[in-house]
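>>> Return atomic coordinates for the entry below.
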Amino acid sequence: MTDGSSDAATSGQRGPATDSRDESPQERADRNWLELLQELRVSQTGVQLLAGFLATLPFQSRFSALDGFQRAWYVGLLALAFTTVGVTLAPVAIHRRVFRDNVKPELVQAGHRLTQVTLWLIGGLLGGITFLVVDVVYDRQVAEVAAVAAVVVLVGLLLVLPLRVGRAAGD
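I've put the predicted structure just below:
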């Protein structure tokens, strides 16, 4: 969400106490909000495509071939996808409610937290979709291995890598 500078006051992230930017706290909050919106645009598009894809599956001819477990898994994934869409949209809804209330730092903080939740929901959704697709194509045991592998990769990309970059930047 930020560049690793002293946006701690408006982003909730740890960082150095000083920053070489010449900006007021309000300008910093505005910049952080714009950066956050850009991140949300990227994730929201992917989440909406996944949710839309899942919503169309029951209308496909092969859907009736799913067993009871697969159907239940699918419904869980559909619920997770639509929850993820909701969490992704929440910062915008908050902004619509408070945009004239001079609370941009609080808005950025809430958006930051919701975006972190969104990333984990997306990770769970991708792992779950991997499981369902591989279960349908091969079998449940192969699906379990594929889903675990997908989750390991996602944890590496969504948790380990950002932590390493943050440490390298002195965060």
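>>> I'd like to know how far the residue nearest the centre of the chain sits from L157.
The residue lying closest to the centre of the chain (Cα atoms, centre = their mean) is L119, at 2.3 Å. Computed as Cβ to Cβ, to the nearest Å, the L119 to L157 distance reads 10 Å. Every C-beta, even on glycine, is put in place using the N, C-alpha and C of the backbone.
>>> rewinding a little: mind listing what the residue nearest to the centre of the chain touches?
Neighbouring residues of L119 by Cβ atoms under 8 Å, 6 or more residues apart in numbering: S43, L158.
>>> mind checking pLDDT for it?
pLDDT for L119: 91.
>>> So which bits of stretch 113-128 are buried?
L114, T115, T118, L119, L121, I122, G123, G124, L125, L126, G127, G128 (16 or more other Cβ atoms under 10 Å).
>>> close enough to count as contact, V142 and V133?
No - counting by Cβ atoms under 8 Å, V142 does not reach V133; the two are 10.8 Å apart.
>>> Okay, and A143 sits in which element?
Assigned by DSSP states H and E, A143 falls within helix 140-155.
>>> What are the contacting residues of that helix?
For helix 140-155, the surrounding residues in contact (Cβ under 8 Å, 6+ apart) are G123, L126, G127, G128, T130, F131, L132, V133, V134, D135.
>>> quick one, the helix or strand hosting the residue nearest to the centre of the chain and helix 140-155 angle?
Per DSSP H and E: L119 is located in helix 104-137. Angle, helix 104-137 to helix 140-155, by axes from the mean of the first three to the mean of the last three Cα atoms, to 10 degrees: 160 degrees.
>>> Following element in sequence after the helix or strand bottoming out on mean pLDDT in the chain, please.
Here the helix or strand of the chain ranked lowest by mean pLDDT, DSSP states H and E is helix 8-11, holding a mean of 44. For helix 8-11, the following helix or strand on the C-terminal side (DSSP H and E) is helix 25-56.
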